[in-house]
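[1] Starting from these lines, generate the structure:
(chains A and B)
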Amino acid sequence: MPDDRTPNPRALPEQSEWTFDLIEQAHEEIRRVAQQFGLDTYPNQLEIITAEQMMDAYTSVGMPVSYNHWSFGKHFLTTEKSYKRGQMGLAYEIVINSDPCIAYLMEENSLTMQALVIAHAAYGHNSFFKGNYLFRTWTDAEAIVDYMVFAKNYIAECEQRYGIDAVEDLLDSCHAIQNYGVDRYKRPAKLSVAQEAARQKEREEYAQSQVNALWRTVPRREEEERNAPPPRFPLEPEENLLYFIEKYAPLLEPWQRELVRITRKISQYFYPQRQTQVMNEGWATFWHYTILQELHKEGIVGDGFMLEFLQSHTNVVYQPAATSPYYSGINPYALGFAMMSDIRRICEHPTDEDRSWFPDIAGSDWRKTLDFAMRNFKDESFIAQYLSPKLIRDFHFFAVLDDDRSDKLTISAIHDEAGYRYVRQQLAEQYNIGNREPNIQVWQVNTRDDRALTLRHTQFQRRPLNGQAQEVLKHVARLWGFDVRLETVDTAGHVVSFLDCRREKRNR
Amino acid sequence: MTYLIDRRLQGKNKSAVNRERFLRRYKAQIKDAVGRAIKGRSITDIENGEKVSIPVKDVNEPHFGHAHGGVWETVNPGNTEYQKGDQFNRPRSGGGGSGRGRAGNSEQTAEDDFIFELSREEFMNYFFEDLELPNMVKTQLTQTIDFKTQRAGYNVSGTPSNIHVLRSLRGALGRRIAVGGPSRRELERAKQELQDLHEQEVPEDDPRVVELRRQIHHYHTRINAIPFIDPFDLRYSNRIKVPKPSTQAVMFCIMDVSGSMDETRKDTAKRFFILLYLFLKRVYERIDVVFIRHHTAAAEVDEDEFFHSRESGGTVVSSALHLLHKVIGERYATSDWNTYVAQASDGDNWDNDSVLCKQLLSNGIMPKVQYYTYVEITDGPPQNLWEQYTEVAAHHANFAMQKIVTPADIYPVFRELFKKQPK
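    Below you'll find the predicted structure:
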């Protein structure tokens, strides 16, 4: 019983006000426990900020610096409105995948909440950023803040030189296809930002000369070339629209290519986050829970602290049922936390069912197993690998099939013996970013004639494009400078429909 | 190595630029919305912020995405009734979450407008955008607005840091007394009865004693169950910002209240005064308003009397101008005050008085005022006062006059009066 223990001399006082000393003290304890559990993190930088600053941080997608754009203003207005009306509380923390890892603590938080945030962000998320393979591949924590500063200055300079409107139009267009700025199956080259800035000038000139070569209109020497069909360009379909535009759009100025590149780089930086929501939040939630439980066991924090902590923890991992009016999809915190805790359970107290489903991890060292899971998976594969029948039962998962060719919805599987694998597979698919976003690639460019660009949308499950596609196409056409066509093909490769965007003839 | 940094004192309004960019981009829509709002509201409460809504399709940032259609298979939590193979009808709209795809929902919300608040300042900025007060020559005139915060009682909502402990606890105490009253009364009664029984030396296991002890226990529990403090009790210190006056102006409202000015005309005049007042208020922190009404004689009155008392009789405009001149001379020495005059009349005047008015204005009043506006609320032909005033206007750039008929004419007139002067 807690009452019988001799009080721990390092116990935190039972008070809700934080002070800088107390935060340091709490952080020190959390760091110690996290180290015991073997969490490997970037160094931490904790920053105390106000609610207004938190809203600012929200607006610039959590980055400490960002370039200026009206859409950030729009997000700010939305956030500000719902915050002021009390419809929405602000997040307790924001953490930035950088080295050192920056975590924002809001001044309104109580001491308990600050400790929770430190454990969650500065040790949970931080170790995830450092360990997960997607983050290791796609982001460069050391360079991102510098890169954002470079981007902000470069764009501000362009605004000065070419006018706010010109820059804004271009950024609008880039934002419209920002989700298509990643080569999913190629690994990005590591480039430090120092090199980045130094080589930017060089790149400008080189890129421009390449573009010019491609579009050269001077007649070729050889007669035979006239009859030969023009070589296909690009040779392979290209999924990275932004990259393609940056490299090959005929009419862009060097500075415009650089802007395309900046949005592409930023999109690439956020690419892992979009694919590891469940894992990342689950990992961080699991660790704040585990670390604070440990601190409580040691007597560092008291019962009052734990009650406050547990209350917000339970709010965070609450999952309303699909029939509840509060349902808005699966809560990534709830699912992630449940799965992380479940892996620990399977390691420590496996049942017969677990042994048959997870023979390789049942009874193994939970820390090693969890660490392996954190490092080598993304949401899709993580769920496909680790979602246990027990969790499917606990969540009462069921799969609903909605086929527009039938009048009714069908329950395709529920949480029973026959359905576990199916539900697990479907849930994993649901987190597959390749299925969530339409698969659109550069198909062909008419290099010899009107320079029209053809994009191809390969349908997934016969799902149509949304109504904004025509708008996005206009943006692509603005970047490309000539006509753009978007063909939708079914799985058999037949074109089922298309959208056109004709470029007005204009004088440049 | 860990750093703990206090960033609170650093730049707060990082998003101000982005917000401004947003307003800049949607200027046309916002101006439309402001125009609609002005039409819709009563002029007396014109001075508030405004909720501006812009069709969401205009502020939308388009992205490729899936629409509803084809095959969607979703996994949802919280199954209570379904078995594999169950079929049911499509829910009519995205709500309820019974397996609808996300795209369906997002297209639904696309119908709504994007709504945000313009602050009062921004609203008025749009309102006055093309206007500029002419001849703002006073050197004292500075645009910097200083605010000081001052206490303004208590509020039932606020931020936790503003909780007023004393008030909150006093409220809690009151609530505990009020809510616990009946139980406490019953407890007293039970205790009293128990004591009476003790005095009669009734044995401890007597059913009445047992029952009373049970009751006492029951009421104790009830009293203890009253929460010490409840969210309902919380009171927050309320602080408001008050501007520190930095420049001052005086505005004279002169109105003809003779029998020929009926209620509709007075109402029109009132709106005109209000608009001028609002505009001045934007430029000056402190404004004195002096109301002068006149028929054959002029008097300085308070606002209520100015607009509401009934008068009748003929009209001698110069009486008001005499009084105006006197008040300016006595109380508003030109070097300290920016003086503005707004005069409303139906144009009637004694014939030979109009010439006197012109002389008074040209020689005595015009050199001392920043701006003089005159509106004639009539649909008839111009009379002698109008003709004389036209001559004044010809000689003084800071004199403006306009004829209006209905309240609907006020706003255009106002813009006409204060439109930007060519530099």
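[2] Would you point out which residue of the stretch 101-250 of chain B is nearest chain A?
    Closest residue of the stretch 101-250 of chain B to chain A, C-beta to the nearest C-beta: residue B:116 (4.1 Å). All C-beta spots, glycine's among them, are computed from the backbone N, C-alpha and C.
[3] What is the burial count for the nearest residue to residue A:119 once chain neighbours are set aside?
    Using C-beta to C-beta, 6 or more residues apart in numbering or on different chains and skipping residues adjacent in sequence, the residue nearest residue A:119 is residue A:288, 3.9 Å away. Burial of residue A:288, expressed as a neighbour count using other C-beta atoms under 10 Å in any protein chain shown, amounts to 27.
[4] before we move on, what about the one 3 residues further on?
    The number of residues packed near residue A:291 is 26, by other C-beta under 10 Å.
[5] related to what we said a few turns ago, my read is the residue nearest to residue A:119 is in a helix, agree?
    Yes - secondary structure of residue A:288, determined by DSSP: H, G, I helix; E, B strand; the rest coil: located in a helix.
[6] so what's it up against?
    The neighbours of residue A:288, taking C-beta atoms under 8 Å, 6 or more residues apart in numbering or on different chains as the test, are A:116, A:119-120, A:123-124, A:313.
[7] Tabulate the residues you listed in a markdown table, adding columns for secondary structure.
    Converted to a markdown table, the contacts of residue A:288 look like this (three-state DSSP):
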| residue | secondary structure |
| --- | --- |
| A:116 | helix |
| A:119 | helix |
| A:120 | helix |
| A:123 | helix |
| A:124 | helix |
| A:313 | helix |
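[8] and those, which are buried?
    Neighbour-count burial within these applies to A:116, A:119-120, A:123-124, A:313; the criterion is 16 or more other C-beta atoms under 10 Å in any protein chain shown.
[9] Identify the farthest-apart pair in these.
    A:123 and A:313 (15.3 Å; C-beta to C-beta).
[10] Show the model's pLDDT score for residue 62.
    Since no chain was named, I'll use chain A. You'll see residue A:62 listed with a pLDDT of 69.
[11] let's do chain B instead
    You'll see residue B:62 listed with a pLDDT of 87.
[12] Give me the three-state assignment for it.
    Using three-state DSSP, the secondary structure recorded for residue B:62 is coil.
[13] which element is the residue of chain A found nearest chain B on?
    At 2.3 Å from chain B, residue A:321 is the closest residue in chain A, using C-beta to the nearest C-beta. In this structure, residue A:321 is located outside every helix and strand according to DSSP states H and E.
[14] Distance of the spatially closest residue to it that is not a sequence neighbour relative to residue A:237?
    Counting by C-beta to C-beta, 6+ apart, residue A:321 lies nearest to residue B:78, which is 2.3 Å off, once chain neighbours are set aside. The spacing between residue B:78 and residue A:237, counted by C-beta to C-beta, to the nearest Å, is 41 Å.
[15] ok, back up a step: turn the contacts of residue A:288 into JSON lines, including pLDDT.
    Conversion of the contacts of residue A:288 to JSON lines gives the following (pLDDT from 0 to 100):
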{"residue": "A:116", "pLDDT": "92"}
{"residue": "A:119", "pLDDT": "94"}
{"residue": "A:120", "pLDDT": "93"}
{"residue": "A:123", "pLDDT": "94"}
{"residue": "A:124", "pLDDT": "94"}
{"residue": "A:313", "pLDDT": "92"}
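[16] In JSON lines, list these along with distance to residue B:6.
    JSON lines is the format used below for these (distance: C-beta to C-beta, whole Å):
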{"residue": "A:116", "distance to residue B:6": "20"}
{"residue": "A:119", "distance to residue B:6": "21"}
{"residue": "A:120", "distance to residue B:6": "21"}
{"residue": "A:123", "distance to residue B:6": "21"}
{"residue": "A:124", "distance to residue B:6": "23"}
{"residue": "A:313", "distance to residue B:6": "27"}
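[17] Among those residues, pick out the one closest to residue B:341, please.
    Nearest to residue B:341 among the contacts of residue A:288, counting by C-beta to C-beta, is residue A:116 at 64.5 Å.
[18] three-state assignment of whichever residue of chain B sits closest to chain A?
    Each residue of chain B has a distance to chain A, by C-beta to the nearest C-beta, and the smallest belongs to residue B:78, at 2.3 Å. Using three-state DSSP, the secondary structure recorded for residue B:78 is coil.
[19] Surely it is in contact with residue A:329?
    No - using C-beta atoms under 8 Å, residue B:78 makes no contact with residue A:329, being 11.9 Å away.
[20] Extract the residue ranges of chain A that are flagged as low pLDDT.
    A:1-6, A:61-62, A:85-92, A:185-199, A:201, A:203, A:207, A:210-229, A:504-508 (pLDDT under 70).
[21] got the domain boundaries for the chain?
    Assuming you mean chain A. In the domain annotation for chain A, the residue ranges read A:7-132+A:276-309, A:144-216+A:244-275, A:320-434, A:438-501 (automatic domain parsing).
[22] Switch to chain B, please.
    Using automatic domain parsing, the domain ranges for chain B come out as B:16-60+B:103-129, B:165-236, B:246-418.
[23] Just confirm yes or no for the second one near chain A.
    Spelled out, that is domain B:165-236. No - in terms of C-beta under 8 Å from any C-beta of the partner chain, no part of domain B:165-236 sits within range of chain A; the closest distance is 13.1 Å.
[24] Report the secondary structure state of the closest residue in space to residue A:481 that isn't next to it in sequence.
    Ranked by C-beta to C-beta, 6+ apart and with sequence neighbours excluded, the top spatial neighbour of residue A:481 is residue A:251, at 3.7 Å. Look at residue A:251: counting by three-state DSSP, its state is coil.
[25] Might one say that residue A:251 is in contact with residue A:479?
    No - using C-beta under 8 Å, residue A:251 is not in contact with residue A:479; the gap is 9.2 Å.
[26] and those two? which has more neighbours close in?
    Legend: neighbour count by other C-beta under 10 Å for residue A:251 and residue A:479, higher for residue A:479 (25 against 13).
[27] Okay, buried residues for the helix or strand containing residue A:345 please.
    Residue A:345 is located in helix A:332-348, with elements delineated by DSSP H and E. Residues of helix A:332-348 classed as buried by neighbour count (16+ other C-beta under 10 Å): A:332-347.
[28] rewinding a little: can you report how many residues lie near the residue nearest to residue A:321?
    If you count neighbours by other C-beta under 10 Å, residue B:78 ends up with 16.
[29] what's the spacing between it and residue A:413?
    Distance from residue B:78 to residue A:413, counting by C-beta to C-beta: 15 Å.
[30] same question, residue A:143
    Residue A:143 is 45 Å from residue A:413, by C-beta to C-beta.
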